[in-house]
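Asks: After the sequence you'll find the predicted model.
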Amino acid sequence: MWTRHHKRRNTGRLIVPAITIVVLTYFGFHAYQGDYGLNAMGHLEARSRQLEAELDSLRKTRAKLEERLALIKDGTLERDMLDEQARRTLNFAREDEIVIFRKNDD
């Protein structure tokens, strides 16, 4: 009877640690770069700050518009306000009037 003796290879001991390293690297990469990772969280926080600033600007604009609308709604119709808004909306002026356009940066 013949017996074969195989020399033990060292590669068998490295298979499990190699697979472990590959799996941990994969999950580590996606924990940072993935759709829900740390990098994406930074982008979401920056976008959130930008939208909050835009919301504050829109709230200020809305408050100004509501204030102007209150001048028309409260029962006392201010003719100057109504005339100004109608002329601006309709882009209308009389022949003897001078129109000065200015940018509203309020």
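Replies: Received, thanks. Numbering: from 1, shown residues only.
Asks: going forward, measure contacts between C-alpha atoms and count neighbours the same way
Replies: Will do.
Asks: Give me the distance from the lowest-mean-pLDDT helix or strand in the chain to the chain's centre.
Replies: For the chain, using mean pLDDT, DSSP states H and E, the weakest element among its helices and strands is helix 79-90, scoring a mean of 75. Helix 79-90 has its C-alpha centroid displaced from the chain centroid by 36 Å (CA atoms, centre = their mean, to the nearest Å).
Asks: Show me what it is packed up against.
Replies: Applying 3 or more CA pairs under 8 Å, 6 or more residues apart in numbering; DSSP states H and E, we find helix 79-90 packed against helix 38-73.
Asks: The helix it packs on packs against which elements?
Replies: Short answer (3+ CA pairs under 8 Å, 6+ apart): helix 38-73 packs on helix 11-33, helix 79-90.
Asks: Do you know the pLDDT at the spatially most central residue of the chain?
Replies: Nearest residue to the geometric centre of the chain (CA atoms, centre = their mean): residue 47, 3.5 Å. At residue 47, the model reports a pLDDT of 96.
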